[in-house]
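Chemist: Mind folding the following:
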Amino acid sequence: MNLAIIHPEGWRFVGIFSIMTIGLFFILPILGWVGIILTLWCLYFFRNPTRITPDRYGLIVSPADGKVVAIQHSVPPPEWDIGTEPRVRISIFLNVFDVHLNRIPIAGHVRKVIYHAGKFFNASLDKASEHNERNTVILDLNQQQNMAVTQIAGLIARRIRCDVTANEQVETGQLFGLIRFGSRTDVYLPLGVEPLVIEGQRMLGGETILADLSSDEPARYGIIR
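Modeler: Residues are numbered from 1 along each chain as shown. Sure, this is the predicted structure:
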């Protein structure tokens, strides 16, 4: 494996797993081999593969790898200050084998970053969006449109890292954080924008197109509720 494609956040954990593996070999060799497998998995978990991001104006790409588990209308929380009208929320579940780096879905201006302490329900459940620990980035795309992307901790994930701050200008596909060991990412599309993905579809962060700001095509799937 090319070590250059491992996210820097991962090396600390690889070191911890390696030290534990050495200790396990002293206790029982077969446990040491289990430790080697877990260390290799840790390397794999923190991989940072190269992604080719579509660069046409108006395309919103997936902020994460994973599976679309829900597409529904949802009212943003008041503290986000992006209005009270329901907008399409796309929920992407990341299992422990998915790439866990998060990417900016579309170029814009970071209005604010909001952290919310919470619980650690299974991230595939609907209630995770409301009750779990999470971190939300509010993006202003232009004078009329805005959207939000939320990093949500899961049953195993207990740490959210966000590397962007308020008043920062960001680009489509830019890495902005990660969630460790199983999680979920929600995308709240701009008002009036319909999704180009369906439930059950697999996502590639930074590559899969979620929506198109320039499209006026109505929703074709009976899954928005």
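
Chemist: pLDDT averaged over stretch 24-41, what's the number?
Modeler: Taken as a whole, stretch 24-41 has an average pLDDT of 85.

Chemist: Contacts for that stretch, please.
Modeler: 14, 17-18, 20-22 (CB atoms under 8 Å, 6 or more residues apart in numbering). Heads up, the C-betas are built off the backbone N, CA and C, glycines and all.

Chemist: Distance from the chain centre to that stretch, please.
Modeler: 31 Å (CA atoms, centre = their mean, to the nearest Å).

Chemist: buried stuff in that stretch?
Modeler: 24, 32, 35, 39 (16 or more other CB atoms under 10 Å).

Chemist: Can you show me the strands along the protein?
Modeler: 59-61, 66-74, 87-94, 101-103, 108-116, 134-140, 146-153, 160-162, 169-170, 175-179, 183-188, 202-203, 209-212 (DSSP state E).

Chemist: before we move on, the earlier item: for the contacts of stretch 24-41, give me CSV that also has neighbour count and distance to I5.
Modeler: Formatted as CSV, the contacts of stretch 24-41 follow (neighbours: other CB atoms under 10 Å; distance: CB to CB, whole Å):
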residue, neighbour count, distance to I5
V14, 17, 13
F17, 18, 18
S18, 15, 19
M20, 14, 24
T21, 18, 22
I22, 10, 25
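
Chemist: out of those residues, which are inside helices?
Modeler: Those of the contacts of stretch 24-41 mapping onto helices are 14, 17-18, 20-22, per DSSP state H.

Chemist: Flag whichever of the residues you listed scores worst on pLDDT.
Modeler: By pLDDT, V14 ranks lowest within those, coming in at 77.

Chemist: E168 reaches V110, doesn't it?
Modeler: Yes - counting by CB atoms under 8 Å, E168 touches V110, with 4.6 Å between them.

Chemist: Lowest mean pLDDT among the helices and strands of the protein, which one is it?
Modeler: Among the helical and strand segments of the chain, the one scoring lowest on mean pLDDT, DSSP states H and E is helix 128-131, with a mean of 59.

Chemist: For the closest residue to C162 other than its chain neighbours, give the beta-bridge partners.
Modeler: Distances taken as CB to CB, 6 or more residues apart in numbering place G177 nearest to C162, at 4.1 Å, with adjacent residues excluded. Applying DSSP bridges to G177 gives these bridge partners: N102, C162.

Chemist: residue contacts, G177?
Modeler: Contacts of G177 (CB under 8 Å, 6+ apart): 101-102, 135, 151, 160-164.

Chemist: returning to that earlier point: between E168 and V110, tell me which one has more neighbours.
Modeler: In terms of neighbours (other CB atoms under 10 Å), V110 is the more surrounded of E168 and V110; the figures are 18 against 15.

Chemist: Write down the beta-bridge partners of that one, one by one.
Modeler: L139.

Chemist: surely it meets D163?
Modeler: No - judged on CB under 8 Å, V110 makes no contact with D163 at a distance of 11.0 Å.

Chemist: which stretches of this structure aren't confidently modelled?
Modeler: Low-confidence segments of the chain (pLDDT under 70): 1-4, 10, 118-131, 154-158, 181-182, 216-225.
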